[in-house]
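Student: show me the folded form of this:
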Amino acid sequence: MPDDICEKLLIAQKSEISEHIIYKRLAKATKNQDNSKILKKISDDELKHYNFWKKYTHKDVKPNRWQINKFYWITRILGLTFGIRLMESGEARAQINYEEFIDHIPEAKEIIKDEERHEQDLINCINEEKLEFVGSAVLGLNDALVEITGTLAGLTFALQNTRLVGVAGLITGIAASLSMAASEYLSQRADESEQAFKSSIYTGVAYIFTVVFLILPYFLFENIYFALATTSAIVITIIAIFNFYISVAKNYNFKKRFFEMVTISGSVAVLSFLIGLGVRMFLNVEV
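Tutor: Now for the predicted structure:
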């Protein structure tokens, strides 16, 4: 067998043994028994793949401890579905190497089929609360980004005082978060959902956390326009992080959703800023 193929087989071995350990640790840490069984099955498959490649390399390979710890803790902190999908997306890129093996090892086709089945099995079986209520979190975050960004932009020109804008934004944000949480609760109750209270909590918490991050620059900086610019940067960062999470966990198109949210939030902010300008000019407001 060519040396370059042998080297790639060793890389595949390292990936398989590392993922075997990751899935094994996750299976032990997962409380949901159905999820745990699936993870255990995939862990066993990864070990089987490792031993399959070993028949051709005749070498043992040490696992990648950095990869193991990284994906284990990503999964524990950010959710099982997100962590596994993130890991599987990297694994999918590695399958390009597997295709090269087929000419030399026809049985490699079965390995590729196993790898493709992993993600599908996980999608079909994993029951995770974080994803069940992601719609409620999206509702709270989206509304906060649009409403509070617009409010802060309008108040920035109307009041011209960072502390006043920050306090006004905080009061508005707290009131709006309670209103959104109550609306989500009533909406879920109308649909006879048994999780209405939890849905409302996810909506309210997502809203209030977003508000805190958006108004923070107005309490940290004296320059009103620098505070607004910083808030705008925070808005884009929040949108990017949140959409990356959702695009990985729920297999959505990141670019489409990201630019859609940025466009909506930015348009509302600009319009609100112009309204604030108009209020200050035509009503002759001075603070």
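Student: tell me the contacts of the residue nearest to the spatial centre of the chain?
Tutor: Taking Cα atoms, centre = their mean, the centroid of the chain lies closest to Tyr245, which sits 1.3 Å from it. Residues near Tyr245 by Cβ atoms under 8 Å, 6 or more residues apart in numbering: 78, 82. No exception for glycine: its C-beta is placed from N, CA and C like everyone else's.
Student: relative to Thr263, how far out is it?
Tutor: 20 Å (Cβ to Cβ, to the nearest Å).
Student: immediately after the helix or strand of the chain with the lowest mean pLDDT, which helix or strand?
Tutor: Here the helix or strand of the chain ranked lowest by mean pLDDT, DSSP states H and E is helix 129-132, holding a mean of 62. Going down the chain from helix 129-132, the next helix or strand is helix 134-159, by DSSP states H and E.
Student: show me the protein divided up by domain.
Tutor: Per automatic domain parsing, the structural domains of the chain span 3-127, 133-282.
Student: mean confidence (pLDDT) on stretch 110-127, please.
Tutor: Stretch 110-127 comes out with an average pLDDT of 65.
Student: stretch 8-22 too?
Tutor: 86.
Student: alpha carbons only: can I get that stretch in CSV?
Tutor: What follows is stretch 8-22, C-alpha atoms only, in CSV (Å, rounded to 0.1, in the frame of the first residue of the first chain):
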residue,chain,number,x,y,z
LYS,A,8,-4.0,9.0,5.9
LEU,A,9,-5.1,5.7,7.4
LEU,A,10,-3.2,6.6,10.6
ILE,A,11,-5.0,9.9,10.7
ALA,A,12,-8.3,8.1,10.3
GLN,A,13,-7.4,5.8,13.1
LYS,A,14,-6.6,8.7,15.4
SER,A,15,-10.0,10.3,14.6
GLU,A,16,-11.9,7.0,15.2
ILE,A,17,-10.3,6.2,18.5
SER,A,18,-10.8,9.8,19.7
GLU,A,19,-14.4,9.8,18.7
HIS,A,20,-14.9,6.4,20.3
ILE,A,21,-13.8,7.9,23.6
ILE,A,22,-15.9,11.0,23.2
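Student: can you give the distance of that stretch from its chain's centre?
Tutor: Put simply, stretch 8-22 sits 26 Å off its chain's centre (Cα atoms, centre = their mean, to the nearest Å).
Student: what ranges do the helices span in the stretch 101-250 of the chain?
Tutor: Remark: helices assigned in the stretch 101-250 of the chain by DSSP state H, counting those that start in this stretch are 108-125, 129-132, 134-159, 162-190, 196-220, 224-249.
Student: now do the fifth one: distance to the chain's middle.
Tutor: Here helix 196-220 shows a centroid-to-chain-centroid distance of 17 Å under the convention Cα atoms, centre = their mean.
Student: and what of the third one?
Tutor: Averaging C-alpha positions (Cα atoms, centre = their mean) puts helix 134-159 20 Å from its chain's average.
Student: repeat for the last one
Tutor: What separates the centre of helix 224-249 from the centre of its chain is 13 Å, taken as Cα atoms, centre = their mean.
Student: quick check: angle from that helix to helix 162-190?
Tutor: If you take axes from the mean of the first three to the mean of the last three Cα atoms, to 10 degrees, helix 224-249 sits at 30 degrees to helix 162-190.
Student: thinking Thr231 is in contact with Thr149, fair?
Tutor: Yes - taking contacts as Cβ atoms under 8 Å, Thr231 lies within contact range of Thr149: 7.0 Å.
Student: spatially nearest residue to Ala168 (excluding sequence neighbours)?
Tutor: Closest residue to Ala168 apart from its sequence neighbours, by Cβ to Cβ, 6 or more residues apart in numbering: Leu155 at 5.5 Å.
Student: that neighbour: what's it in contact with?
Tutor: So Leu155 contacts 164-165, 168-169, 276 (Cβ under 8 Å, 6+ apart).
Student: possible to save these as JSON lines with distance to Ser36, pLDDT and neighbour count?
Tutor: Output for those, formatted as JSON lines (distance: Cβ to Cβ, whole Å; pLDDT from 0 to 100; neighbours: other Cβ atoms under 10 Å):
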{"residue": "Leu164", "distance to Ser36": "54", "pLDDT": "89", "neighbour count": "15"}
{"residue": "Val165", "distance to Ser36": "50", "pLDDT": "88", "neighbour count": "29"}
{"residue": "Ala168", "distance to Ser36": "50", "pLDDT": "89", "neighbour count": "19"}
{"residue": "Gly169", "distance to Ser36": "45", "pLDDT": "88", "neighbour count": "23"}
{"residue": "Gly276", "distance to Ser36": "54", "pLDDT": "63", "neighbour count": "23"}
